[in-house]
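Student: Compute the structure for the input listed below.
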Amino acid sequence: MTSETTTTSPEALRSAMVARIRTIGHAYRHEVEQVLLTTERQAFLPHAELDEAHDPHQAVVTHRFDDGRPRALASAPWLVAAMLDQLDVHPGMRVLEIGAGTGYNACLLAQLTGSPDLVTTIDIDADVTAQASRALEATGYGGVHVITGDGALGYSDHAPYDRIIVTVSPWDIPTAWRTQLAPGGRLVAPVRWRGQSRSAALTNRGDRLVSDSLYLCGFVYLVGEDEGELAAPITEDERVTLHWDRDQPVEPAALRGGLDQPRLTTWSGTTLAANESHDGLWLRLTTTDARVCRLKVQPEVPREVCDPVPGWWRMALAEGNTLVYLTVRRVQDGDEVRGELGAIGHGPAAAELTEYLCQQIRDWAPSRAQDTPTLTIYPADTPDCALAGPAIDKPHSRFVLTYDDPSTTPAQS
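Tutor: Numbering: from 1, shown residues only. Modelled structure (predicted):
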């Protein structure tokens with residue numbers, strides 16, 4: 001909704017924004033649709049152009065670090081709607097928001113609960129909470145509790161909470177969130193593992209948190225948390241970097257310069273239509289394969305150096321001094337142009353790993369439309385015998401992903 005926008009009033013822009021969000025399947029809860037339609041989003045983004053503020057797919061940076069990196073932003077409206085759908089707030093519920101942002105989300109939550117006093121939002125950045133407070137006061141929602149503090153600690157003064165929503169990306173689920181969430185309560189958080197981030201809607205089942213939906217997303221990281229993701233350049237010009245989890249046996253020094261070695265390309269025979277996503281493949285492989293990580297490739301890197309699938313984050317497998325990543329090529333299928341997925345490998349085990357990745361693509365393809373696992377998050381001290389499957393271990397938690405149909409779960413590497 002930029003140069004093609006012909007309407008100029010905020011009301012018309014909001015209506016168009018919500019209509020577009022609805023067409024992609026979000027704001028399906030009537031209450032969520034209504035608060036998006038009636039809340040003046042531009043009041044929380046005074047420095048943004050109206051079209052920018054109401055673009056359903058665009059996040060707006062509101063604060064930056066000295067080096068220019070975003071330190072706070074307003075999430076894209078489609079993602080706001082998706083997470084509020086996941087949260088399932090009802091009148092009278094007590095809600096904690098981790099990450100105050102502009103105050104816009106807290107305003108929506110105040111309307112969904114029926115009272116600003118039921119909403120607490122916390123952020124570690126005093127500039128962020130000050131701006132959120134001003135915007136909430138100006139829009140008539142000054143009763144929201146805006147707290148400056150470490151969101152990883154939650155806010156025990158108003159606990160227990162029926163709902164907790166996290167609008168920054170945590171590496172782990174801190175113990176405080178678990179203990180401050182009421183039994184049967186829901187927590188929605190954009191958690192990260194194996195190089196990708198998903199907004200997970202989790203229900204408190206006492207000894208574990210269990211998801212019922214996962215959405216691909218991206219957020220500013222939770223400040224003050226012990227970071228579990230590592231990164232290192234693997235080219236001399238540092239324009240291609242590898243990102244992996246702290247618990248993975250990745251040796252970046254062994255991979256540096258690997259893209260200069262001969263390339264082996266293998267094709268899977270699996271094709272996708274222009275509007276089909278391959279994100280489920282990445283998610284599926286994280287269930288059992290500890291080699292899954294991601295590449296970040298700068299736009300100016302020539303395709304003859306690195307030629308992954310389009311996007312900012314690209315799935316890869318790292319094993320010793322061998323690197324394999326997902327690629328795609330255009331193929332003609334009758335009158336339709338499709339994309340065939342494949343694998344490019346560098347290193348001594350490239351033949352084995354490229355064929356492995358292509359076989360995983362073939363195994364994933366038949367069920368890709370319904371290919372969403374359940375994420376179960378257990379406390380860190382849970383023994384292996386009590387887990388539903390192989391764990392991804394974090395400081396406070398053990399993440400386990402399972403599929404309803406065992407035949408869709410890849411073999412453990």
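
Student: and the nearest residue to Leu281 once chain neighbours are set aside, how far is that from Trp171?
Tutor: Counting by Cβ to Cβ, 6 or more residues apart in numbering, Trp364 is the residue found nearest to Leu281 once chain neighbours are left out, at 4.9 Å. For every residue, glycine as well, the C-beta is placed using N, CA and C. Distance of Trp364 to Trp171, computed by Cβ to Cβ, to the nearest Å: 26 Å.

Student: repeat for Asp127
Tutor: From Asp127 to Trp171 the distance is 23 Å (Cβ to Cβ).

Student: which stretches of the stretch 201-350 of the chain form helices?
Tutor: Counting by DSSP state H, counting those that start in this stretch, the stretch 201-350 of the chain has these helices, from start to end: 252-255, 279-285, 350-364.

Student: lowest confidence element among the helices and strands of this structure?
Tutor: strand 70-74 (a mean of 72; mean pLDDT, DSSP states H and E).

Student: Just after that one, pick out the following helix or strand.
Tutor: Per DSSP states H and E, strand 70-74 leads on to helix 77-87 as the next helix or strand towards the C-terminus.

Student: from the middle of its chain, how far away would that following helix be?
Tutor: 12 Å (Cα atoms, centre = their mean, to the nearest Å).

Student: What is that helix packed up against?
Tutor: helix 10-23, helix 30-38, helix 104-113, strand 161-166, strand 181-193, strand 196-204, strand 209-216 (3 or more Cβ pairs under 8 Å, 6 or more residues apart in numbering; DSSP states H and E).

Student: Give the partner strands of the fourth one in its sheet and their orientations.
Tutor: Using DSSP bridges, strand 161-166 pairs in its sheet with strand 95-98 (parallel), strand 181-193 (parallel).

Student: where's the residue nearest to Thr139 when sequence neighbours are not counted relative to Asp381, distance?
Tutor: Excluding the flanking residues, the one nearest Thr139 by Cβ to Cβ, 6+ apart is Ala43, at 5.2 Å. Plainly put, Ala43 is 46 Å away from Asp381 if you go by Cβ to Cβ.

Student: Can you pick out the residue with more neighbours from these two?
Tutor: A direct count of neighbours by other Cβ atoms under 10 Å for Ala43 and Asp381 places Ala43 higher, at 17 against 7.

Student: Regarding the more buried one, what is its secondary structure?
Tutor: helix (DSSP: H, G, I helix; E, B strand; the rest coil).

Student: any idea how far it lies from Met315?
Tutor: For Ala43 relative to Met315 (Cβ to Cβ), the value is 40 Å.

Student: now Thr62
Tutor: For Thr62 relative to Met315 (Cβ to Cβ), the value is 31 Å.

Student: Among those two, which residue is more densely surrounded?
Tutor: Met315 (26 against 21).

Student: For His47, give me its contacts.
Tutor: The contact partners of His47, taken as Cβ atoms under 8 Å, 6 or more residues apart in numbering, are Thr62.

Student: if we go to 10 Å?
Tutor: When contacts are counted by Cβ atoms under 10 Å, 6 or more residues apart in numbering, His47 is found next to 53, 60, 62.

Student: repeat for Arg398
Tutor: 208, 376-384, 386-387, 390-392.

Student: what's the closest of the helices and strands packed on helix 77-87 to Glu49?
Tutor: Closest to Glu49 of the helices and strands packed on helix 77-87, according to Cβ to Cβ: helix 10-23, at 10.4 Å.

Student: Can you mark which positions in that closest one are buried?
Tutor: Of all the residues in helix 10-23, those buried under the rule 16 or more other Cβ atoms under 10 Å are 13-14, 16-18, 20-22.

Student: Looking at those, which one is closest to Ala273?
Tutor: Among those, and counting by Cβ to Cβ, the member closest to Ala273 is Arg20, at 21.2 Å.

Student: How much space separates the closest one from Pro299?
Tutor: 27 Å.

Student: Turn the strands paired with strand 161-166 into JSON lines, including distance to His47, mean pLDDT and mean neighbour count.
Tutor: Converted to JSON lines, the strands paired with strand 161-166 look like this (distance: least, Cβ to Cβ, whole Å; pLDDT from 0 to 100; neighbours: other Cβ atoms under 10 Å):
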{"stretch": "strand 95-98", "distance to His47": "22", "mean pLDDT": "98", "mean neighbour count": "28"}
{"stretch": "strand 181-193", "distance to His47": "25", "mean pLDDT": "96", "mean neighbour count": "21"}
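
Student: Can you say which of these is nearest to Arg284?
Tutor: So among those, strand 181-193 is nearest, using Cβ to Cβ, at 12.9 Å.

Student: So this protein: which segments form each domain?
Tutor: Per automatic domain parsing, the structural domains of the chain span 10-216, 229-369.

Student: which of these sits most buried?
Tutor: domain 10-216 (a mean of 20; mean count of other Cβ atoms under 10 Å).
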